[in-house]
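Participant: No sequence on hand, only this structure:
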């Protein structure tokens, strides 16, 4: 797989972008490079019949549900674009990494994440983490023909305010009648929001030395079969180390 970051700016500008979509900017996270993350997310997607879970650091509130109501057939596209700036050290080399094993469903019940999905984040002072439940029937690798969209014409769906520079994930209302891209972002790959779409994560586990070794072993998987076997064992071991009750932690 070619480097995602190396391809920034090479795709043409396309105006055929949904009026409403979810936009998330990607970068190094929990000590992993973006290319490494996309590699394991593709294994995750292949092992889970098209489903993958993408961790995000900010809440979307009720915007995801609003987007479903405003989109044809209730389907909301998720557009993934590489960040234009370098990841902060706290993300690229965190002092602590958390594994998240479950999420709160729409009824507030703690529910296991899909069996062959894995979400991590930096730990330390981080108080909460969220995720996009996604689906794609196409590979997440080598999507070199998806073009770009212009961030200058993207607004937060609920408030119609401009997307903030530090806003990593947003539900967007998009309106671009121009043929000139002022703030182009290249689309690396895309999917659709799946089931709840946006969730708050639960059941965090701090990766100690033993769990970290298992985590790296999972990340080195080179096939779907290896991914499934190693991840299943890793999550089983991690389940014995859940950091207290999530409600008490947060």
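Facilitator: Okay, I see it. This one's a predicted model, so the numbers in the text were calculated from it and none came from an experiment.

Participant: pLDDT weak spots in the protein?
Facilitator: Filtered on pLDDT under 70, the chain yields the residue ranges 1-15, 92, 142-145, 177-181, 244-250.

Participant: for it, which residue is closest to the average position?
Facilitator: residue 54 (2.5 Å; C-alpha atoms, centre = their mean).

Participant: Skipping its backbone neighbours, what lies nearest that residue in space?
Facilitator: residue 132 (4.6 Å; C-beta to C-beta, 6 or more residues apart in numbering). All C-beta atoms are positioned from the backbone trio N, CA, C, and that covers glycine.

Participant: Mind listing residues that contact stretch 198-211?
Facilitator: 55, 59-60, 63-64, 96-105, 110, 119-120, 123, 128-133, 215, 234, 237-239, 241-243, 246, 249 (C-beta atoms under 8 Å, 6 or more residues apart in numbering).

Participant: Taking these, please make a PyMOL selection of just the buried ones.
Facilitator: Applying 16 or more other C-beta atoms under 10 Å to those leaves a buried subset, and the PyMOL line that selects it is:
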select buried, resi 55+60+63+64+97+98+99+100+101+102+103+104+119+120+123+129+130+131+132+133+215+234+238+242+246
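
Participant: From what I see, the residue nearest to residue 54 and residue 169 are in contact.
Facilitator: Yes: Residue 132 is in contact with residue 169 according to C-beta atoms under 8 Å; the separation is 7.4 Å.

Participant: between those two, what contacts are shared?
Facilitator: Joint contacts of residue 132 and residue 169 (C-beta under 8 Å, 6+ apart) are 22, 24, 56.

Participant: OK, contacts around the closest residue to residue 96 other than its chain neighbours?
Facilitator: With sequence-adjacent residues excluded and distances taken as C-beta to C-beta, 6+ apart, residue 96 is closest to residue 123, at 3.3 Å. Contacts for residue 123 (C-beta under 8 Å, 6+ apart) come out as 94-98, 204, 206.

Participant: Quick one: the residues you listed as CSV, columns for secondary structure too.
Facilitator: Below are the contacts of residue 123 laid out as CSV (DSSP: H, G, I helix; E, B strand; the rest coil):
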residue, secondary structure
94, coil
95, coil
96, coil
97, strand
98, strand
204, strand
206, strand
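
Participant: Taking the residues you listed together, which two end up most distant?
Facilitator: Maximum pairwise distance among the contacts of residue 123 (C-beta to C-beta): 15.2 Å, between 95 and 204.

Participant: between the two, which one's more packed in?
Facilitator: residue 204 (25 against 10; other C-beta atoms under 10 Å).

Participant: In space, what's closest to that one - neighbours in sequence excluded?
Facilitator: Spatial nearest neighbour of residue 204, chain neighbours left out: residue 98 (4.6 Å); criterion: C-beta to C-beta, 6+ apart.

Participant: helix or strand for the residue nearest to residue 54, which one?
Facilitator: Assigned by DSSP states H and E, residue 132 belongs to strand 130-135.

Participant: Kindly point out the strands partnered with that strand and how each is oriented relative to it.
Facilitator: Using DSSP bridges, the strands paired with strand 130-135 are strand 51-56 (antiparallel), strand 189-206 (antiparallel).

Participant: right, so of these, which gets closest to residue 70?
Facilitator: The nearest among those, by C-beta to C-beta, is strand 189-206 at 12.6 Å.

Participant: Next secondary structure after that closest one?
Facilitator: Heading C-terminal from strand 189-206 (DSSP H and E), you reach helix 209-219.

Participant: Pull the residues that contact the helix or strand that that following helix is followed by.
Facilitator: Heading C-terminal from helix 209-219, the first helix or strand you meet, by DSSP H and E, is helix 224-238. For helix 224-238, contacts defined as C-beta under 8 Å, 6+ apart pick out 40, 43-44, 46-47, 99, 101, 115-116, 118, 205, 207, 210-211, 214-215, 217-218, 221.
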